[in-house]
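1. Structure of the sequence below:
(one chain, ligands or ions: 1)
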Amino acid sequence: MSNAVIQLGPDRIRALMAHYAGSKIERNAPGVVFAAKSGSVSITAYKSGKVLFQGGGAEAEASRWGGTSGSPDKPASRPKGETLPEGLARMSVLGSDETGTGDFFGPVTVAACFVPAEKIALAEELGVKDSKMLTDAHMLKIGPDIKEAFLNSVLVLPTEKYNTVQAKGWSQGKIKALLHNQALKHVLRKMDGTKPDHILIDQFAERGIYYRHIASEPEIIRENVLFSTKAENLHVSVACASILARVAFLEEMDRLSGLAGVTLPKGAGKPVDEAAAKIILRKGDDFLASITKRHFANTRKAAALAAKRSGKS
Ligand code: MG
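-> Numbers count the residues shown, from 1 in each chain. The predicted structure follows:
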């Protein structure tokens, strides 16, 4: 369960109490001046000006109120990036995120999703949350609902193509930047002239580096673009994008597992080396290369494992 603590002045506390008046609950603990339960988040305001947000979405809810981290011994984990506009969580935002970059097997996927202010509640009703808090099964279930409810673009960079551009010297940063720019462009096109209040990119590179990566693209999305880490906690559009990217990744992993005859593990750890060695012995190096990000150290480790196994048998 996530939680966030902020410190607010008396005016902001009053505004907070007015805002959550409809969801007020009784809490007779020492020092408590107000308590409410809004969706999955419990809000407790103390005489000291400290406000505690607890539960799924606590950080996003707290970020709506700004303020400063209230507890020196346990500072709220703050997203890195630029100064974000107040009230961002309730605006119309086009968000983007990617997945698969740390996985030896499978593609890199990037998604962008537009959630207008008036449909934020719908996204929340669909069960959209920070994808790190959701199970794969849950994401597979709500993925189609998100796709139907919101304008989106999902890009899958297959491993063959990834390996080709990686061999040309493209960094993962460049690959990601190009895909984010493209996904955002696709959604903006579908929006047909409507402009989001902001575009929010889950930050993997700072603004200058991001734009250097895509400098030679024919169309570069720049207007109202914000970058922040943990952006899935800052606007539900990024959480939607993150889920769509993850679902596309999972579907592709399923398909590749079928081809390989082995359930492909995620990540880049020991189980990945084991599975990769098995695949080399059954299907050969070239097949393995075709379903993996070849430049990862796992390629070498799996080859060593496979050599050891075939030597023994
Ligand atoms: Mg991300």
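
2. Nearest to the ion within the stretch 1-150 of the chain, name that residue for me.
-> Going by C-beta to the ion, the ion is nearest to Asp97 of the stretch 1-150 of the chain, at 4.4 Å. Bear in mind the C-beta positions are built from the backbone N, C-alpha and C, glycine included.

3. Repeat that for the stretch 201-313 of the chain.
-> Asp202 (3.7 Å).

4. My read is that that residue contacts Asn233, right?
-> No - with contacts counted by C-beta atoms under 8 Å, Asp202 stays clear of Asn233, the gap being 9.9 Å.

5. Please enumerate the strands of the stretch 201-313 of the chain.
-> For the stretch 201-313 of the chain, the strands defined by DSSP state E, counting those that start in this stretch cover 225-228.

6. what does it put close to the ion?
-> Contacts of the stretch 201-313 of the chain with the ion, taken as C-beta under 5 Å from the ion, map to Asp202.

7. where does the stretch 201-313 of the chain dip in pLDDT?
-> Along the stretch 201-313 of the chain, the model assigns pLDDT under 70 to residues 312-313.

8. Look through the protein and tell me its longest helix.
-> If you go by DSSP state H, the chain has its longest helix at helix 236-260.

9. Can you list the residue ranges for helices in the stretch 101-250 of the chain?
-> Under the criterion DSSP state H, counting those that start in this stretch, helices of the stretch 101-250 of the chain are mapped to 120-125, 136-149, 159-167, 172-191, 207-213, 236-260.

10. out of those, deepest packed?
-> helix 236-260 (a mean of 23; mean count of other C-beta atoms under 10 Å).

11. dump the residue contacts of the residue of the stretch 201-313 of the chain closest to the ion.
-> Under the criterion of C-beta atoms under 8 Å, 6 or more residues apart in numbering, the neighbours of Asp202 are Gly95, Ser96, Asp97, Glu98, Ser228, Thr229, Lys230, Ala231, Glu232, Val238, Ala241, Ser242.

12. Considering the residues you listed, which possesses the most neighbours?
-> Ala241 (38 neighbours; other C-beta atoms under 10 Å).

13. Surely that one and Thr99 touch.
-> No - contact criterion C-beta under 8 Å: Ala241 and Thr99 do not qualify, at 9.9 Å.

14. list the buried ones in stretch 281-295?
-> Within stretch 281-295, the residues scored as buried using 16 or more other C-beta atoms under 10 Å are Leu281, Lys283, Leu288, Ser290, Ile291, Thr292, Lys293, Arg294.

15. again with stretch 191-210
-> Those would be Pro196, Asp197, His198, Ile199, Leu200, Ile201, Asp202, Gln203, Phe204, Ala205, Tyr210, for stretch 191-210 by 16+ other C-beta under 10 Å.

16. so can I have CSV of those showing distance to Arg90?
-> Below are these laid out as CSV (distance: C-beta to C-beta, whole Å):
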residue, distance to Arg90
Pro196, 13
Asp197, 10
His198, 12
Ile199, 16
Leu200, 13
Ile201, 19
Asp202, 19
Gln203, 21
Phe204, 25
Ala205, 27
Tyr210, 26
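
17. ok so, going back, which of the contacts of Asp202 sits closest to Asn152?
-> Ala241 (7.4 Å; C-beta to C-beta).

18. which residues touch that closest one?
-> Contacts of Ala241 (C-beta under 8 Å, 6+ apart): Gly95, Ser96, Asp97, Ala111, Ala112, Cys113, Asn152, Asp202.

19. Can you name the two of those that sit furthest apart?
-> Pairwise distances across the contacts of Ala241 (C-beta to C-beta) peak at 14.8 Å, for the pair Asn152 and Asp202.

20. For Gly143, see how far away the residue most central in space within the chain is.
-> For the chain, the residue nearest the mean C-alpha position is Ser242 (3.9 Å; C-alpha atoms, centre = their mean). Applying C-beta to C-beta, to the nearest Å, the value for Ser242 to Gly143 is 11 Å.

21. now swap in Phe104 and tell me
-> Separation of Phe104 from Gly143 (C-beta to C-beta) stands at 23 Å.

22. unless I'm mixing things up, Tyr211 is touching Ile220, no?
-> Yes - between Tyr211 and Ile220 there is a contact under C-beta under 8 Å: 7.0 Å.

23. Same list, the contacts of Ala241, but as JSON lines with distance to Lys37 please.
-> Formatted as JSON lines, those follow (distance: C-beta to C-beta, whole Å):
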{"residue": "Gly95", "distance to Lys37": "26"}
{"residue": "Ser96", "distance to Lys37": "31"}
{"residue": "Asp97", "distance to Lys37": "29"}
{"residue": "Ala111", "distance to Lys37": "31"}
{"residue": "Ala112", "distance to Lys37": "32"}
{"residue": "Cys113", "distance to Lys37": "28"}
{"residue": "Asn152", "distance to Lys37": "31"}
{"residue": "Asp202", "distance to Lys37": "28"}
